[in-house]
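# Got a sequence here, can you build the structure:
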Amino acid sequence: MIGRYGLDSFTRFLNVCIIILLIINLLARIQFLYWMALILLCYNYFRMFSKNMSARFRENERYRKLQFQAGEAVNRWKLWAKQALRYHIYRCPGCGQKIRIPRGKGKISIHCPKCHKDFIRRS
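Okay, here's the model as predicted:
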């Protein structure tokens, strides 16, 4: 493997995808999944034995960037779901500012801290 690219996180991700496709193919007998797994396997070997290190590094960096963005989106969704249990989040009709109001307080007057407009909502 001297002078070859070898394994990286994108290669490991592709390996997991190949295994999942093969397991689903075993259970469902969908021939397309078998060929897709075979194509991914060939691409994986091409990446591992490639001598073009800079191109493979760029591919891995793109994968890592997408992985980070997906993780951040999941974290934002978790935070939103956690806050949705305790708070209502309203938008100010004047400026569009998001305002977080605790649940269970009945009908209340909300004062926007940005544009200083007052509006009434149910909490």
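
# Could you use CA atoms for every contact and neighbour count after this?
Will do.

# how about the residue nearest to Cys95 when sequence neighbours are not counted, secondary structure?
Excluding the flanking residues, the one nearest Cys95 by CA to CA, 6 or more residues apart in numbering is Cys115, at 6.5 Å. Secondary structure for Cys115, judged by DSSP: H, G, I helix; E, B strand; the rest coil, is coil.

# And the helices in the protein, which stretches?
9-28, 31-48, 53-86 (DSSP state H).

# pLDDT score for the most centrally placed residue in the chain?
Most central in the chain under CA atoms, centre = their mean is Ala70, positioned 2.0 Å from the mean C-alpha point. Listed pLDDT for Ala70 reads 97.

# and it, how far is that from Trp77?
Computed with CA to CA, to the nearest Å, the distance linking Ala70 and Trp77 is 11 Å.

# how deep is Thr123 tucked in, by neighbour count?
Check again: residue 123 is Ser, not Thr. 17 (other CA atoms under 10 Å).

# Could you number the chain from 635 rather than 1 from now on?
Got it, first residue is 635 now, which makes that one Ser757.

# ok, now which ones touch it?
Residues in contact with Ser757, defined by CA atoms under 8 Å, 6 or more residues apart in numbering, are 721-722, 735-742.

# mind listing which of the residues you listed are in strands?
Using DSSP state E to define strands, the subset of those located there is 721-722, 735-736, 741-742.

# Buried ones among these?
Using 16 or more other CA atoms under 10 Å as the burial test, the ones in strands among the contacts of Ser757 include 721-722, 735 as buried.
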